[in-house]
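> Predicted model, plus sequence, below.
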Amino acid sequence: MRQGHLFEDHGLVDLHTHSTCSDGALSPAALVRRASAKGLSGLALTDHDTLRGIREAAAAGVEHGVEVVPGVELSVRLPRRVVHLLGYFFDPDHAGLAAFMQAFDALRVERATAIVGRLQKLGIPLAIEEVLEVAQDASVGRPHIARAMAHRKFVGSPEEAFARYLNDAGSAYVPIDCPPARDALEALHAAGGIGVLAHPGHWTSDHEVRSLKSDGLDGLETIHPSHDTSLIDYYRRLARTLGLVETGGSDFHGYRSQDDHRLGRLGITVEALARARAARSPLVPVA
């Protein structure tokens with residue numbers, strides 16, 4: 001049975017999920033187990049700016065009969081703003097992609113250190129070591145800073161940390177110095193993957209999508225919790241016009257009840273997955 005973009009059959013594939021390797025609540029293996037319990041045929045682990053969880057998720061996928069697509073969600077720069085790019089089907093062991101991702105790790109630590117510095121100037125004596133302890137092996141980001149602040153009782157909750165200091169207009173906010181979209185697309189293509197614009201929403205112009213297409217964009221995330229039916233239809237038409245594949249998913253993080261409700265209900269069919277897979281680039285060997 002299908003109703004709009006909420007599919008209730010067992011052929012659904014969720015191509016947008018997060019684990020504890022970035023800012024999700026479940027480990028990669030636990031996420032796959034939850035996906036299996038929800039009846040998903042497959043999922044992509046798309047943690048922010050890291051590939052750390054892919055091996056664990058893939059092993060759990062074999063155990064539970066869930067196809068795990070290698071994925072990532074990258075922060076990339078356009079001329080006027082930062083957007084998110086979803087990568088799929090790449091070789092996680094590709095040396096060129098590994099080098100690109102190592103640079104992301106350094107950027108994230110550098111940004112976290114700068115945010116902590118701003119907090120210190122605001123009278124909050126948080127240390128970067130405390131943030132890295134919270135993050136453990138995850139790709140460090142603002143959620144880890146918020147949790148560290150709450151742990152030290154500087155705020156009552158991580159949500160308060162964001163509301164008062166860490167949101168995009170907050171007094172301690174520091175933007176991430178991310179690479180141009182073209183560079184990220186080249187790295188994904190070299191590793192045999194594709195690049196898809198994540199949750200374009202109401203704020204992405206046709207001009208930006210067409211510019212990304214000229215930089216090598218392969219697809220649009222048409223299905224996302226932030227997209228109503230009219231937006232889904234709009235981006236489907238644009239994808240067809242530009243020859244881009246369509247993807248979609250729940251953007252599962254696992255902290256809110258609506259996350260669990262969406263898992264198993266938002267995504268694409270296995271037929272749409274096959275069309276996205278067919279857009280893969282040839283793998284480029286690294287000397």
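Structure received. Residues are numbered from 1 along each chain as shown.
> Quick check, central residue of the protein?
Glu73 (3.1 Å; CA atoms, centre = their mean).
> At which residues are the helices of the stretch 51-200 of the chain located?
54-64, 95-121, 128-135, 142-151, 158-161, 181-190 (DSSP state H, counting those that start in this stretch).
> Columns mean neighbour count on top of those, output as CSV?
Heads up, the C-betas are built off the backbone N, CA and C, glycines and all. Shown next, in CSV, are the helices of the stretch 51-200 of the chain (neighbours: other CB atoms under 10 Å):
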stretch, mean neighbour count
helix 54-64, 18
helix 95-121, 17
helix 128-135, 17
helix 142-151, 22
helix 158-161, 18
helix 181-190, 22
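> Ok, which of the ones you listed comes nearest Ala30?
Ala30 sits nearest to helix 54-64 of all the helices of the stretch 51-200 of the chain, at 8.2 Å, using CB to CB.
> For the closest residue to Phe100 other than its chain neighbours, report the pLDDT, please.
In this structure, Phe100 finds its nearest non-sequential neighbour in Ala187, 4.1 Å apart by CB to CB, 6 or more residues apart in numbering. You'll see Ala187 listed with a pLDDT of 97.
> now do His5
42.
> The residue nearest to Phe100 and Ala274: what is the separation?
Plainly put, Ala187 is 24 Å away from Ala274 if you go by CB to CB, to the nearest Å.
> now Thr241
From Thr241 to Ala274 the distance is 21 Å (CB to CB).
> cool, and Phe90?
For Phe90 relative to Ala274 (CB to CB), the value is 17 Å.
> higher neighbour count, those two?
The neighbour count for Phe90 versus Ala274, taken as other CB atoms under 10 Å, is higher for Phe90 (26 against 11).
> you'd agree Ala148 is up against Val131?
Yes - using CB atoms under 8 Å, Ala148 is in contact with Val131, at 4.8 Å.
> which residues pair with the closest residue to Ile268 other than its chain neighbours across the strands?
Among residues not flanking Ile268 along the chain, Gly248 sits closest, at 4.9 Å (CB to CB, 6+ apart). Gly248 has these beta-bridge partners by DSSP bridges: Ile223.
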